[in-house]
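Visitor: Next input, structure requested:
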Amino acid sequence: MKYTVVISVLFILGTTATLRQEIDHGSQGRTKVLKRIVKRSLNGLAAQMLPLLETKIISNCNDSKSAEELQDVYSEMKVCFAKEKILRVSKEDFWKNIKECSKDAITKTRNCLPEDRKYFPEFVLSVAKSAVDFMYEDVDLIRVDLAACVPKLNNFEAQYDYLRCLRGISSKDNSTSPTELPSQAEFCAKFIPANQCFTDMIKGHCPQTSNLKKFRENYINMAKRPCEESNEIS
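Guide: A predicted model of the protein is given here:
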């Protein structure tokens, strides 16, 4: 399963959703274009991979009852997440909701995983925390500077280069086990380059402004931060 691409897709889809909600009415045209960029290029990948990610985790459960309970918990968690909209509430309130909604899922996920992979749900939570911090800290760069480059990101060459970069990384995934999750090191070895694909697209097709340079740096730091923390059980 291509975990790195899955998370990259989530970040970009989340950015698009935020722009769709938050850009002022005078910029609605650019918002729709950015939405189309991601939807056209990535929704097909996300639709295939996100269910597989859950399936791979659930397949670690020892019995059908535990597997069914975990599936139900994941469904409830997604509904719970939707109670708070990012950037519509304070970062503290938004993150509090994420933690509260994911408590049961984390516990039940850990119960299904082997000892050396029980760190995985907390690691995913740390990835989410880094993404939330980034969204709140860089919202103006996203809303103004990134949105201004949408027409260039919408051209065929930009989208082709980006998808080719992602596919190149995903093709290096040699995992064949239907249940085995990657180690943190294995995950991060692909996760950071996958996010670099997005910043490379911006660098290659957008103006070389100081604000977009700052956005690219912050975006990569967002990916690196959870990877620099030790989540694995030694």
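Visitor: Now stretch 99-115: buried residues?
Guide: Buried positions in stretch 99-115, judged by neighbour count with 16 or more other Cβ atoms under 10 Å: 101-102, 104-106, 108-109, 112-113. Every residue, glycine included, has its C-beta placed from N, CA and C.
Visitor: ok, now which ones touch the closest residue to Phe81 other than its chain neighbours?
Guide: In space, and not counting its chain neighbours, Phe81 is closest to Cys101: 5.3 Å by Cβ to Cβ, 6 or more residues apart in numbering. Cys101 makes contacts with 77, 80-81, 83, as judged by Cβ atoms under 8 Å, 6 or more residues apart in numbering.
Visitor: Leaving aside the residues adjacent along the chain, what's closest to Asp93?
Guide: Closest residue to Asp93 apart from its sequence neighbours, by Cβ to Cβ, 6+ apart: Glu84 at 6.5 Å.
Visitor: For that neighbour, give its distance to Leu166.
Guide: Applying Cβ to Cβ, to the nearest Å, the value for Glu84 to Leu166 is 29 Å.
Visitor: who has more neighbours, those two?
Guide: When Glu84 and Leu166 are compared for neighbours, Leu166 comes out ahead with 24 against 17, by other Cβ atoms under 10 Å.
Visitor: In which helix or strand does the more buried one reside?
Guide: Using DSSP states H and E, Leu166 falls within helix 156-170.
Visitor: What would that helix look like as PDB? C-alpha coordinates only.
Guide: Written as PDB, here are the backbone C-alpha positions of helix 156-170 (Å, rounded to 0.1, in the frame of the first residue of the first chain):
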ATOM      1  CA  PHE A 156      -1.200  20.000 -18.200                       C
ATOM      2  CA  GLU A 157       2.600  20.100 -17.800                       C
ATOM      3  CA  ALA A 158       2.400  21.000 -14.100                       C
ATOM      4  CA  GLN A 159      -0.100  18.300 -13.400                       C
ATOM      5  CA  TYR A 160       1.800  15.700 -15.400                       C
ATOM      6  CA  ASP A 161       5.100  16.400 -13.700                       C
ATOM      7  CA  TYR A 162       3.400  16.200 -10.300                       C
ATOM      8  CA  LEU A 163       1.700  12.900 -10.900                       C
ATOM      9  CA  ARG A 164       4.800  11.400 -12.500                       C
ATOM     10  CA  CYS A 165       6.800  12.300  -9.400                       C
ATOM     11  CA  LEU A 166       4.200  10.700  -7.100                       C
ATOM     12  CA  ARG A 167       4.000   7.600  -9.200                       C
ATOM     13  CA  GLY A 168       7.700   7.300  -9.300                       C
ATOM     14  CA  ILE A 169       7.800   7.200  -5.500                       C
ATOM     15  CA  SER A 170       4.800   4.900  -5.200                       C
END
